[in-house]
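Visitor: pasting a predicted model and its sequence here:
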Amino acid sequence: MSEVTLIDRVADTTAAYLAIGCEVFEAEGARFVRHRDWPLLYDANHVSHVRCQTEAELDRLLARMDVEFAGCSHRRLDLDPATPSFVSARLTLDGFAPDETLEFVLEGELRATPRPADIREITTDAGWAAYAELQEMDFRETRARQGQAFNPEVAAAFLEIKRSRMGVVRYWLAHVDGVPRAYFASWPGENGVGIVEDLFTHPEFRHRGLATSLIAHCVADARARGAGPVVIGADPSDTPKRMYADLGFRPLLVARRCERHLQVPEPRL
């Protein structure tokens with residue numbers, strides 16, 4: 001597979017992952033992803049695959065976004081390597097703030113020998129309750145790092161959208177002495193490129209190999225369900241990116257989102 005083809009497939013996989021369970025339609029040179037039940041969630045209300053070729057086309061897209069996302073306090077455009085470069089420049093001029101994710105891909109085997117771990121798929125209400133407790137820790141930690149307040153309404157909405165994807169995306173808990181202490185998720189994708197996503201370990205149980213065991217487990221699950229290359233994303237300013245590189249994931253591209261807050265900024269995942 002050529003590098004260009006791989007980049008395109010990785011971009012398509014990450015976009016398709018966010019669209020699971022949402023309304024999706026094409027309009028004004030872009031792909032709209034919308035979920036009316038969760039207007040606060042940026043991941044569930046945005047556009048991707050932006051292919052506008054002129055300023056006038058971009059103007060029409062932005063106007064259409066105001067109509068389709070009228071109930072949202074944000075506007076977000078997810079850009080990819082095929083998006084014309086003027087789009088990012090114009091959005092920056094118009095006051096959209098960039099937010100980036102470093103996308104890694106694993107094409108061969110993981111460079112690790114994971115420790116044995118008690119990893120179970122979430123299939124019950126009790127499992128989701130345990131997930132919710134860990135997710136709150138995750139969100140509070142992330143918000144503190146971002147200088148934002150924890151929003152329980154947003155956390156509850158993220159939990160619901162994850163539960164709605166159960167059966168398509170698999171969510172996993174790693175247990176220590178029978179108690180859930182870490183989570184992760186796996187999806188095989190639709191084009192042969194899978195994704196593993198949303199890694200978190202309870203602060204008191206880090207550096208014990210749980211994260212590596214979850215990554216190995218989820219990569220294996222995605223590949224058992226049809227994936228070849230597997231994608232993982234990282235905040236460019238956070239430390240997990242070094243762990244992913246050490247495990248054999250190679251940095252492939254920086255995905256850029258352009259966001260504008262219409263009212264008080266809402267927390268993001």
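Guide: Everything's here; your move.
Visitor: look at the residue sitting furthest away from the middle of the chain and report its pLDDT.
Guide: Within the chain, Ala56 marks the point farthest from the mean C-alpha position, 30.4 Å out by CA atoms, centre = their mean. The model reports Ala56 with a pLDDT of 98.
Visitor: could you confirm it falls within a strand?
Guide: No - in this structure, Ala56 is helix, not part of a strand, as judged by DSSP: H, G, I helix; E, B strand; the rest coil.
Visitor: tell me which residues touch it, please.
Guide: Listed by CB atoms under 8 Å, 6 or more residues apart in numbering, Ala56 has no contact partners. (Each C-beta comes from the backbone N, C-alpha and C, glycine too.)
Visitor: from Asp78, how far off is it?
Guide: As for Ala56, its distance to Asp78 is 21 Å (criterion: CB to CB, to the nearest Å).
Visitor: check Gly192 too.
Guide: Computed with CB to CB, the distance linking Gly192 and Asp78 is 21 Å.
Visitor: can you give me the strands in the stretch 1-150 of the chain?
Guide: In the stretch 1-150 of the chain, the segments counted as strands under DSSP state E, counting those that start in this stretch are 23-27, 30-34, 46-48, 74-79, 97-106, 118-121.
Visitor: would you turn those strands into a markdown table with distance to Gly226?
Guide: What follows is those, written out as a markdown table (distance: least, CB to CB, whole Å):
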| stretch | distance to Gly226 |
| --- | --- |
| strand 23-27 | 21 |
| strand 30-34 | 23 |
| strand 46-48 | 22 |
| strand 74-79 | 24 |
| strand 97-106 | 15 |
| strand 118-121 | 17 |
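Visitor: what is His46 paired to in the beta sheet?
Guide: Listed by DSSP bridges, the beta-bridge partners for His46 are Val33.
Visitor: residues touching it, list them.
Guide: 18, 33, 76-78, 257.
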